[in-house]
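>>> Below is the structure, and that's it, no one-letter string:
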Ligand code: URP
Ligand code: ZN
Ligand code: ZN
């Protein structure tokens, strides 16, 4: 099967040129100008960008959390991702206490394999570390699960003590894995939460007020310090606070391999959203929380100058019925919000169009850098001969209105409801197969594959 994408502007992290792209079966085989090659299918990309498919390295499909389960499963969630121009996700499998990593891996692969419509990989969340778990970490790295998420928050549920975190970091020094850190000081936050509740402060905004930026900065600093002692890289997930970014920047200025991602919600929403009436603030309850609008410029600066390397989504949607579990107690509101479908358009509209980041940097932040950091490059994350034909034909001039009832995520609200964004996904190919065309999903349930990722060399 040959597919030819003609007349578009090919954009990678480094280049931008008019070109045609030939795809044979699952791979890109030829890139050139005015290619006269017979193809089974020709896609005219005139006036549009031909981008490497988005890579979202932080999603939670079908995840039990806080007494509920995230609303998107691997079918609805990956379909929504594809609509938004994302062709690979890296989701999180969870080792619950008393269980093996192997059990978590089997559980999550079963959730995904017959459902995912685009390719996927897994990070492994470790909530209990012992000798056997350390050996399992090595085995997972060999099987292509090359990153592990650890929590410095949620005591009694997910949180690991510093000694266990340090051991896990040391282990990745030997096995080539990467530790991804949820960096918030869980002990301090717990005290603040109990104090607020004792004072009758139960509304959603107290979720944010009990998770101060300094608690994120302290944990970020500690995570980087532990990684420095262990002499390994560390990747901070969902960084929201400028104060935490300063810790990453300082470390990088000292030459340390500290990496971090932020998410669109931290760039486009803010603490003010928690003040929405009628329990509306619950829509934005996520951890870390939204921060002050005034600090967002610092995040953009971090994205521009590479102190932040990736933009992921932390897609973890709960319907309002589930959010209402915390109607009388903000600490019972399931943490998380939808985002997998809106990332590319939001970042293009709010980042590239106003000149905060370049078009190449947009591709780098949403596709190439995540691919490189998480062992997917050059198979994914670029447009080059030999790479998977994960391609997005993106219209930089089409304006869409973000709304829960027209988006495809299985959740009854959208944090950006009514927001108009310019820059939208038209056609999406996943390993050479067209999966989105003319606003319609034309892919196959279960058409996505588990991708074994490479370890650090
Ligand atoms: O609130 C969030 N972020 N929910 C998902 C779980 C996590 O910590 O990433
Ligand atoms: Zn987290
Ligand atoms: Zn998350």
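That came through, no problem. Keep in mind it's a predicted model, so treat the numbers as computed, not measured. Numbering: from 1, shown residues only. Ligands and ions are numbered 1, 2, ... in the order given.
>>> all helices of the stretch 51-200 of the chain, in order?
Here the stretch 51-200 of the chain has its helices, by DSSP state H, counting those that start in this stretch, at 74-83, 101-113, 131-142, 162-175, 186-198.
>>> tell me the most buried of the ones you listed?
Compared across the helices of the stretch 51-200 of the chain, helix 74-83 shows the largest average neighbour count, a mean of 27 (mean count of other Cβ atoms under 10 Å). Heads up, the C-betas are built off the backbone N, CA and C, glycines and all.
>>> Next one: that one, is it in contact with ligand 1?
No. Helix 74-83 lies apart from ligand 1 when judged by Cβ under 6 Å from any ligand atom; the minimum separation is 13.3 Å.
>>> re earlier: could I get the helices of the stretch 51-200 of the chain as TSV with mean pLDDT?
Converted to TSV, the helices of the stretch 51-200 of the chain look like this (pLDDT from 0 to 100):
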stretch	mean pLDDT
helix 74-83	99
helix 101-113	98
helix 131-142	98
helix 162-175	98
helix 186-198	98
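>>> Save these as JSON lines, and put in distance to residue 404 too.
Listed next are these as JSON lines, based on distance: least, Cβ to Cβ, whole Å:
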{"stretch": "helix 74-83", "distance to residue 404": "11"}
{"stretch": "helix 101-113", "distance to residue 404": "24"}
{"stretch": "helix 131-142", "distance to residue 404": "36"}
{"stretch": "helix 162-175", "distance to residue 404": "38"}
{"stretch": "helix 186-198", "distance to residue 404": "29"}
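>>> what helix or strand does residue 248 sit in?
Residue 248 is located in helix 242-253, with elements delineated by DSSP states H and E.
>>> Look at the closest residue to residue 205 other than its chain neighbours and give its secondary structure.
In this structure, residue 205 finds its nearest non-sequential neighbour in residue 274, 3.8 Å apart by Cβ to Cβ, 6 or more residues apart in numbering. Following DSSP: H, G, I helix; E, B strand; the rest coil, the label given to residue 274 is helix.
>>> quick one, what contacts residue 274?
204-205, 207-208, 281, 284, 289-290 (Cβ atoms under 8 Å, 6 or more residues apart in numbering).
>>> go again using 10 Å as the cut-off
203-209, 280-285, 289-290, 330 (Cβ atoms under 10 Å, 6 or more residues apart in numbering).
>>> Equivalent analysis for residue 1, please.
Counting by Cβ under 10 Å, 6+ apart, residue 1 has contacts 23-26, 39-41, 432-433.
>>> between those, which has the most around it?
Neighbour tally across the contacts of residue 1 (other Cβ atoms under 10 Å): the maximum, 25 neighbours, falls on residue 23.
>>> That residue in helix, strand or coil?
Reduced to three states by three-state DSSP, residue 23 is strand.
>>> quick one: it from residue 103, how far?
Between residue 23 and residue 103 the computed distance is 38 Å (Cβ to Cβ, to the nearest Å).
>>> pretty sure residue 249 is touching residue 301, no?
Yes. Applying Cβ atoms under 10 Å as the test, residue 249 and residue 301 come out as touching, 9.2 Å apart.
>>> more crowded one of the two?
Between residue 249 and residue 301, residue 249 has the larger neighbour count (other Cβ under 10 Å), namely 20 against 15.
>>> Not counting sequence-adjacent ones, nearest residue to the more buried one?
Closest to residue 249 by Cβ to Cβ, 6+ apart is residue 307, at 4.5 Å.
>>> ok, that neighbour - contacts?
239, 245-246, 248-253, 258-260, 298-299, 301.
>>> hmm, back to that, quick check: mean pLDDT across the next helix or strand after the helix holding residue 248?
The helix or strand immediately downstream of helix 242-253 is strand 258-262, counting by DSSP H and E. In this model, strand 258-262 has an average pLDDT of 99.
>>> Helix 242-253 and strand 258-262, what's the angle between them?
Computed by axes from the mean of the first three to the mean of the last three Cα atoms, to 10 degrees, the angle separating strand 258-262 from helix 242-253 equals 150 degrees.
>>> Strand 258-262: how far from the chain's middle?
11 Å (Cα atoms, centre = their mean, to the nearest Å).
>>> right, is the following helix or strand past that strand up against ligand 1?
Next helix or strand after strand 258-262 toward the C-terminus (DSSP H and E): helix 264-268. No. Helix 264-268 does not reach ligand 1 (Cβ under 6 Å from any ligand atom); its nearest approach is 9.5 Å.
>>> ok, and what's touching the helix or strand following helix 264-268?
Per DSSP H and E, the first helix or strand lying C-terminal to helix 264-268 is helix 296-304. Residues from elsewhere that reach helix 296-304, judged by Cβ under 10 Å, 6+ apart: 239-246, 248-249, 252, 260-263, 266-270, 290-291, 307-311, 347, 350-351, 354, 356-358, 361-362, 364-365.
>>> could you flag which of those are buried?
Listed as buried from these are 239-246, 248-249, 252, 260-263, 266-270, 290-291, 307-311, 347, 350-351, 356-357, 361-362, 364-365; burial here means 16 or more other Cβ atoms under 10 Å.
>>> Parallel or antiparallel, which strands does the helix or strand bottoming out on mean pLDDT in the chain pair with?
None of the helices or strands of the chain scores lower by mean pLDDT, DSSP states H and E than strand 64-65, at a mean of 94. Partner strands and pairing direction for strand 64-65 (DSSP bridges) are strand 68-69 (antiparallel).
>>> starting at the chain centroid, how far to the strand it pairs with?
For strand 68-69, the distance to the chain centre is 19 Å (Cα atoms, centre = their mean).
>>> Over to stretch 168-183?
Offset of stretch 168-183 from its chain centre (Cα atoms, centre = their mean): 19 Å.
>>> near ligand 1 at all, that stretch?
Yes. Interface with ligand 1: stretch 168-183 contributes residue 182 (Cβ under 6 Å from any ligand atom).
>>> Might one say that residue 75 is in contact with residue 409?
No. Here residue 75 lies out of contact with residue 409, judged by Cβ under 10 Å, at a distance of 11.9 Å.
>>> residues in this protein within reach of ligand 1, list them.
So the chain meets ligand 1 at 60, 182, 238, 286-287, 314, 316, 335-336 (Cβ under 6 Å from any ligand atom).
>>> What about those residues, which are in strands?
Secondary structure from DSSP state E places residue 182 of the residues of the chain next to ligand 1 in strands.
>>> residues in contact with the closest residue to residue 326 other than its chain neighbours?
Once flanking residues are discounted, residue 326 sits nearest to residue 333: 3.1 Å by Cβ to Cβ, 6+ apart. Going by Cβ under 10 Å, 6+ apart, residue 333 touches 66-68, 204, 207, 279, 281-286, 318, 322-327.
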